[in-house]
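Undergrad: pasted the sequence and its predicted model underneath.
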Amino acid sequence: MARFENKVVFLTGGATGIGRATALAFAREGARIAVCDVAEESAQETVHLVNATGAKGIFIKTDVASAQEVEAAVRRTVAEFGGLHIGINNAGIEGSRDKATHEYDETTFRRVIDVNLTGVFLCMKAELQAMLGSKTQGAIVNTASFLGHFGMPFHIAYVAAKHAVMGMTRAAATEYSRAGIRINAMCPGFVDTPMTVMETEKDKAVAERYYSAIPAKRVAQPEEIAKAILFLASDDASYLYGHGLIADGGLAAM
Ligand SMILES: NC(=O)c1ccc[n+]([C@@H]2O[C@H](COP(=O)([O-])OP(=O)(O)OC[C@H]3O[C@@H](n4cnc5c(N)ncnc54)[C@H](O)[C@@H]3O)[C@@H](O)[C@H]2O)c1
């Protein structure tokens with residue numbers, strides 16, 4: 001089954017984790033993919049893996065917090081592949097893990113908002129301009145989080161940004177439905193990626209407490225999240241607009 005034959009995908013945060021798994025899943029279904037990331041070496045490795053499937057990938061070094069870089073990356077994607085059908089706005093950072101709100105560092109807070117929130121806005125804006133310019137009926141999937149629906153201690157900036165990504169997804173979905181562009185969000189629970197590597201014993205203990213509460217009794221593999229992202233981007237989700245799809249092993253059902 002090749003749901004994305006001849007489709008062009010602009011994907012951020014493709015160097016590792018969910019982004020890499022998603023790039024590979026699109027590649028296996030026939031898409032051409034621009035892998036955008038700040039991490040050059042591992043993003044090039046993703047492109048190598050994409051090309052090994054027989055699909056075509058390119059790397060574009062992009063900091064999603066920079067409007068100029070995002071606009072240039074979307075322009076290059078369109079120039080290289082002749083259009084843009086799908087935007088996967090997935091790049092993200094965690095910020096700090098152990099600071100309560102009254103001691104959370106302002107610079108860290110601002111950077112998390114810049115990357116996780118403004119970055120998604122800038123990507124959507126540039127993708128929408130490209131899609132509208134060519135009257136493409138496309139799809140956009142923003143990676144939010146289950147923390148776009150729920151709170152969690154010591155993650156004030158991350159939780160704020162992900163809630164706002166849900167808000168932007170809903171607002172934008174209502175604006176572009178008439179243009180035939182569907183916008184949704186993916187909301188993973190805990191996923192086995194570099195972001196969830198626990199370095200300190202304290203972090204490990206906290207993570208263990210959260211993980212043991214997951215009804216599925218395990219964290220997700222990035223490939224499982226990629227499948228759900230592809231669903232949202234595909235015609236199988238033709239009646240989904242402004243939806244936040246939670247894949248969290250049952251945490252939210254508790
Ligand atoms: N891992 C989880 O448990 C989990 C849960 C819910 C949501 N998410 C979200 O999923 C997305 C992917 O995260 P992941 O778990 O694969 O983590 P990850 O750290 O493996 O991937 C994040 C990617 O974003 C890139 N990135 C960071 N800052 C960037 C910037 N300014 N510009 C461009 N690229 C940048 C990184 O280089 C990396 O490739 C993130 O938005 C994250 O918040 C992750």
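TA: All right, it came through fine. Only a predicted model underlies this, so the values are computations on that prediction, with no experimental measurement involved. Numbers count the residues shown, from 1 in each chain.
Undergrad: where does the prediction get shaky in the stretch 1-150 of the chain?
TA: Filtered on pLDDT under 70, the stretch 1-150 of the chain yields the residue ranges 1.
Undergrad: got the residues of it near the ligand?
TA: 12-13, 15-19, 37-39, 62-65, 90-93, 115, 143, 145 (Cβ under 6 Å from any ligand atom). Backbone N, C-alpha and C define where each C-beta goes, glycine included.
Undergrad: try it again at 8 Å.
TA: Taking Cβ under 8 Å from any ligand atom as the criterion, the stretch 1-150 of the chain approaches the ligand at residues 12-21, 36-39, 42-43, 62-66, 90-94, 114-116, 119, 143-147.
Undergrad: buried only: go through these for me.
TA: Applying 16 or more other Cβ atoms under 10 Å to those, the neighbour count classes 12-21, 36-39, 42-43, 62-66, 90-93, 114-116, 119, 143-147 as buried.
Undergrad: among those, which are located in helices?
TA: With DSSP state H as the criterion, helices contain Gly17, Ile18, Gly19, Arg20, Ala21, Ser42, Ala43, Gly119 from among those.
Undergrad: which two of these have the greatest separation?
TA: For these, the maximum inter-member distance is 19.6 Å, found between Ala21 and Gly119 (Cβ to Cβ).
Undergrad: three-state assignment of Ile246?
TA: Assigned state for Ile246: strand (three-state reduction, DSSP: H, G, I helix; E, B strand; the rest coil).
Undergrad: correct me if wrong: it contacts Leu147.
TA: No: between Ile246 and Leu147 no contact is recorded; they are 10.5 Å apart, counting by Cβ atoms under 8 Å.
Undergrad: could you check how far the residue nearest the centre of the chain is from Ile246?
TA: Here the mean C-alpha position of the chain is nearest to the C-alpha of Asn90 (Cα atoms, centre = their mean), at a distance of 1.8 Å. In this structure, Asn90 lies at 16 Å from Ile246, with Cβ to Cβ, to the nearest Å as the measure.
Undergrad: buried ones in stretch 206-220?
TA: Residues of stretch 206-220 classed as buried by neighbour count (16+ other Cβ under 10 Å): Val206, Ala207, Tyr211, Ile214, Val219, Ala220.
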